[in-house]
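1. Sequence and predicted model, in that order:
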Amino acid sequence: MSTLESMARLVALMPPPTEAARTDWAEMERTWGTRFPADFRWFIDTYGPGSVGDYLVIGRCFGPPSSEDCVDVEAGDRPFPEPYGLLAWGGNPDGDACFFKTAGDPEDWHVVIWRRHHAFREPTSREYPCGLVEFLLRTFDADLPHQPFSGTDLWGQQHRLTFQPEEHFPT
């Protein structure tokens, strides 16, 4: 499936808000010292930062980089901005963290999920060789080798997908 087809399918499964917060991508690139993947920029421009299914928060890397966004989650992983470093883009209430593995061109970055709760002898993090939109669709379709998150809130849940913009989060 092409990127455009994937984007159209995501919009059909999870309608975006009528208006998304605007992002100054030139400022984001200056702040972070990198370009972001096109599908991530499309997602943020279409949906804005917010929550998928009241479970997965997307857009955590907004604002200046901090140690929380560039955390070294386990031995051997490198924090951003080191080559192949992990750059956070989301998380969930189960304590899982979502990253881009910043290897090479941003269009080639993979998704890495660090699971707070995992089975004995299971790795705490897994790398998925795809971008954000494909990762979301494959999660909604239950079409990944492993359920990526500690909870099953989004796994195979095509029929009840909602998006809540960040400005509507309870304070």
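-> Received it, and whenever you're ready, just let me know what you need. Source: prediction; values computed, not measured.

2. Can you show me the strands along the chain?
-> 50-52, 56-58, 86-91, 97-101, 110-114, 125-128, 163-165 (DSSP state E).

3. Among those, which comes closest to Thr34?
-> strand 86-91 (7.7 Å; Cβ to Cβ). The way it works is simple: take the backbone N, C-alpha and C, and place the C-beta from them, glycine included.

4. and that closest one, what does it pack onto?
-> Helices and strands touching strand 86-91, by 3 or more Cβ pairs under 8 Å, 6 or more residues apart in numbering; DSSP states H and E, are strand 56-58, strand 97-101.

5. Redo those as a markdown table? Include mean pLDDT, mean neighbour count and distance to Cys130.
-> Converted to a markdown table, those look like this (pLDDT from 0 to 100; neighbours: other Cβ atoms under 10 Å; distance: least, Cβ to Cβ, whole Å):
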| stretch | mean pLDDT | mean neighbour count | distance to Cys130 |
| --- | --- | --- | --- |
| strand 56-58 | 93 | 21 | 15 |
| strand 97-101 | 90 | 24 | 11 |
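
6. I'd like those strands written out as JSON lines, with distance to Leu4 added.
-> Converted to JSON lines, these look like this (distance: least, Cβ to Cβ, whole Å):
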{"stretch": "strand 56-58", "distance to Leu4": "20"}
{"stretch": "strand 97-101", "distance to Leu4": "21"}
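
7. Among these, which comes closest to Trp32?
-> Of the helices and strands packed on strand 86-91, nearest to Trp32 by Cβ to Cβ is strand 97-101, at 11.0 Å.

8. can you state the direction angle for that closest one and strand 110-114?
-> Strand 97-101 and strand 110-114 are oriented at 150 degrees to each other (axes from the mean of the first three to the mean of the last three Cα atoms, to 10 degrees).

9. Run through who's touching strand 97-101.
-> 37, 40, 56, 58, 60, 71, 73, 84-92, 106, 109-114, 116, 127 (Cβ atoms under 8 Å, 6 or more residues apart in numbering).

10. Neighbouring strands - and their directions - for it?
-> Strand 97-101 pairs in its sheet with strand 86-91 (antiparallel), strand 110-114 (antiparallel), by DSSP bridges.

11. Could I get the strands of the chain in JSON lines, plus columns for distance to Asp24?
-> Listed next are the strands of the chain as JSON lines, based on distance: least, Cβ to Cβ, whole Å:
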{"stretch": "strand 50-52", "distance to Asp24": "18"}
{"stretch": "strand 56-58", "distance to Asp24": "18"}
{"stretch": "strand 86-91", "distance to Asp24": "17"}
{"stretch": "strand 97-101", "distance to Asp24": "19"}
{"stretch": "strand 110-114", "distance to Asp24": "24"}
{"stretch": "strand 125-128", "distance to Asp24": "29"}
{"stretch": "strand 163-165", "distance to Asp24": "18"}
